[in-house]
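J.: okay, predicted coordinates and the sequence, questions at the end:
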Amino acid sequence: MGIIELSKVTVRRGRSQVLDGWSVSIDSGEVVCLSGENGCGKSTVIETAAGLVSMEKGSSEISGQLIRDSEGRRGRTKFGLCLQDDCIMGDELVGERILDAAGCDFDVSSLLKTWGLEHRIHDRVAMLSGGQRRRVAILSGLVPAMVSSEPVAILLDEPDSGLDEDSVEKLAQTIRDLAAGGHAIIVASHNSKIVESADRVIEFPFTETKGDPVKGKFSLLERGVERKANIGHRLNLRTLSGLANNGIAGLLTLGAMLAMLNPEQLEGRTLTAFILAPALTAGLCGNSIHRLTLENRAYAWWNTISAIPPNALFHSLITCGAITVLASTVTGDFDVKLIAAGAVLGACTEAIVGLLSHATLRLSRPNAVMVRLLTPILILPWALVVDTLSV
């Protein structure tokens, strides 16, 4: 069995059937290049292999692990991915992005130097030129293999797009070097240098030819300690998106209620509802990091890393707790149970709304689904908490 296995895959995009019972197997140390006209299905193959596209029939496996099949079963394993979109959020730092992709610490500055990016290691990706940004996306797809002594699958979709000639030559040589290390690579490209680096070339619609590429030389990068991909917390601290998206909404709710009501006249259930309402509003705004992942389809890349989308729920607990403390202070009813309930209620509401929004991204037209119409039902748990704590 190959490192990358697509078995009898049937995929439909809209009304068009792009793949019909199509199979491919890519072994350790092999490079397969997909070539053909735009719209012929090259990107569909890459995204299907990565588990980003639903299929009517068949399955995708990487390193013996089921990634996705037609029955909806899903799994994850470590592999490298570079899509046509860069899939990088503008507020990610260049160095941290490469480290997150590797899943461990290593000498990232030396790697960036070989690609002419060492002076950008601490810069936000949004500050890069288009070519530099593309190089970061490519390195994100290649680095899992660079730090692994075991065979790793690498999926590259038009990686040469936006690169200069020197960078394309560097990419082609790197592909051969990784193949020499036993890694399996599937790449979609029109570029002659990339095509020449392949052991097999599949020309759509599905004619296969053998290649005669030069041999590479693999140099393993020394791994450091494992790295947790807590990108959500880092981005939230860097952008204050949680405060801007959720915190301000809670404060506005509190301000509006103060403009209409006299807190000193509130009691019982009404008082409890007054204190917990700002936290509910903050939670209903959803996962603030989710909004950031919509940039350049970053959510697609992160979806292959973890089943849990990037988030900053710990920060949400603090934000909703602080808003509840403020509401308790203005009413003069400083109850620890109420404050804890507000923090948990707000964070849980945010998590549920975030998961609903994230789930729609897997659809072909996510914006056509009005998932926000489901959020009013979240008032019910808030009402139950109000009833329970006001007894």
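T.: Right, received. Where do you want to start?

J.: residue 302 against residue 309, yeah?
T.: Yes - counting by Cβ atoms under 8 Å, residue 309 is a contact partner of residue 302 at 6.6 Å. Where C-beta positions appear, they are placed from N, C-alpha and C, glycine not excepted.

J.: shared neighbours of those two, anything?
T.: The overlap between the contact sets of residue 302 and residue 309 (Cβ atoms under 8 Å, 6 or more residues apart in numbering) consists of residue 293.

J.: distance of residue 100 from residue 305?
T.: Separation of residue 100 from residue 305 (Cβ to Cβ, to the nearest Å) stands at 8 Å.

J.: could you check which of these two is surrounded by more residues?
T.: Shown here are residue 100 and residue 305; by other Cβ atoms under 10 Å, residue 100 has more neighbours (22 against 18).

J.: the more buried one touches residue 231, doesn't it?
T.: Yes - assessed by Cβ under 8 Å, residue 100 is found in contact with residue 231 at 6.2 Å.

J.: between the two, which contacts overlap?
T.: Common contact partners of residue 100 and residue 231 (Cβ under 8 Å, 6+ apart): residue 92.

J.: can you report phi and psi for residue 185?
T.: In terms of degrees, to the nearest 10, the main-chain angles of residue 185 are phi -130, psi 130.

J.: report pLDDT for it.
T.: Note for residue 185: predicted pLDDT of 98.

J.: ok, it - contacts?
T.: Taking Cβ under 8 Å, 6+ apart, one finds 26, 30-32, 153-154, 156, 175, 178-179 in contact with residue 185.

J.: try 10 Å this time
T.: Contact analysis of residue 185 by Cβ atoms under 10 Å, 6 or more residues apart in numbering lists 3-4, 26, 29-33, 80, 141-142, 145, 152-156, 174-176, 178-179, 197-199.

J.: same check on residue 132?
T.: 94, 115-117, 120, 123, 125, 162, 167.

J.: go through those and name the one nearest residue 288.
T.: When the contacts of residue 132 are compared for distance to residue 288 (Cβ to Cβ), residue 125 wins out at 18.5 Å.

J.: neighbours around the closest one, how many?
T.: As a burial measure, residue 125 scores 23 neighbours (other Cβ under 10 Å).

J.: what do you get for residue 358?
T.: 22.

J.: now it, nearest residue through space, not along the chain?
T.: Once flanking residues are discounted, residue 358 sits nearest to residue 309: 4.6 Å by Cβ to Cβ, 6 or more residues apart in numbering.

J.: tell me which element that neighbour falls in.
T.: Using DSSP states H and E, residue 309 sits within no helix or strand.

J.: pull the number of nearby residues for it.
T.: Residue 309: 21 surrounding residues under other Cβ under 10 Å.

J.: same deal with residue 196?
T.: 15.

J.: angles on the backbone of residue 270, please.
T.: Residue torsions, per degrees, to the nearest 10, at residue 270 are phi -60, psi -40.

J.: returning to what we had before: now for residue 100 and residue 305: what residues contact both?
T.: Shared contacts of residue 100 and residue 305, defined by Cβ under 10 Å, 6+ apart, comprise 229, 231.

J.: what's the one helix or strand residue 359 maps to packed up against?
T.: Using DSSP H and E, residue 359 falls within helix 336-360. Applying 3 or more Cβ pairs under 10 Å, 6 or more residues apart in numbering; DSSP states H and E, we find helix 336-360 packed against helix 268-284, helix 288-293, helix 298-305, helix 313-331, helix 379-389.

J.: out of these, which is closest to residue 13?
T.: In terms of Cβ to Cβ, the element of those nearest to residue 13 is helix 298-305, at 15.4 Å.

J.: give me phi/psi at residue 225?
T.: Torsion angles, degrees, to the nearest 10, at residue 225: phi -70, psi 150.

J.: enumerate every residue touching the nearest residue to it once chain neighbours are set aside.
T.: Of all residues not flanking residue 225 in the chain, residue 105 sits nearest, at 5.4 Å (Cβ to Cβ, 6+ apart). By Cβ under 10 Å, 6+ apart, the contact set of residue 105 is 99, 147, 222-227.

J.: measure residue 105 to residue 230 for me?
T.: According to Cβ to Cβ, residue 105 and residue 230 sit 14 Å apart.

J.: check residue 163 too.
T.: Look at residue 163 and residue 230: by Cβ to Cβ, they are 31 Å apart.

J.: neighbour count winner among those two?
T.: Counted by other Cβ under 10 Å, residue 163 and residue 230 do not tie: residue 163 has more neighbours, with 18 against 14.

J.: quick one: what helix or strand has that one in it?
T.: Using DSSP H and E, no helix or strand contains residue 163.

J.: measure how buried the nearest residue to residue 273 once chain neighbours are set aside is and give me the count.
T.: If you skip the residues right next to it in sequence, residue 273 has residue 386 as its closest partner in space, 4.9 Å away by Cβ to Cβ, 6+ apart. Residue 386: 24 surrounding residues under other Cβ under 10 Å.

J.: quick revisit: which ones among the contacts of residue 185 map onto strands?
T.: Of these, the ones assigned to strands by DSSP state E are 4, 26, 31-33, 80, 153-156.

J.: now for these, which pair is the farthest apart?
T.: Pairwise over the ones in strands among the contacts of residue 185, using Cβ to Cβ, the maximum falls at 33 and 80, 15.9 Å.

J.: re the thing from before, least trustworthy position among the contacts of residue 132, going by pLDDT?
T.: Within the contacts of residue 132, pLDDT is lowest for residue 162, at 88.

J.: does that residue touch residue 135 like I think?
T.: Yes - Residue 162 is within contact range of residue 135, at 9.0 Å (criterion: Cβ atoms under 10 Å).

J.: more neighbours, those two?
T.: Shown here are residue 162 and residue 135; by other Cβ under 10 Å, residue 135 has more neighbours (26 against 17).

J.: which SSE is that one in?
T.: Assigned by DSSP H and E, residue 135 falls in helix 130-146.

J.: chain center to that helix: distance?
T.: Relative to the chain's own centre, helix 130-146 is displaced by 15 Å; criterion: Cα atoms, centre = their mean, to the nearest Å.

J.: thank you kindly, that will do.
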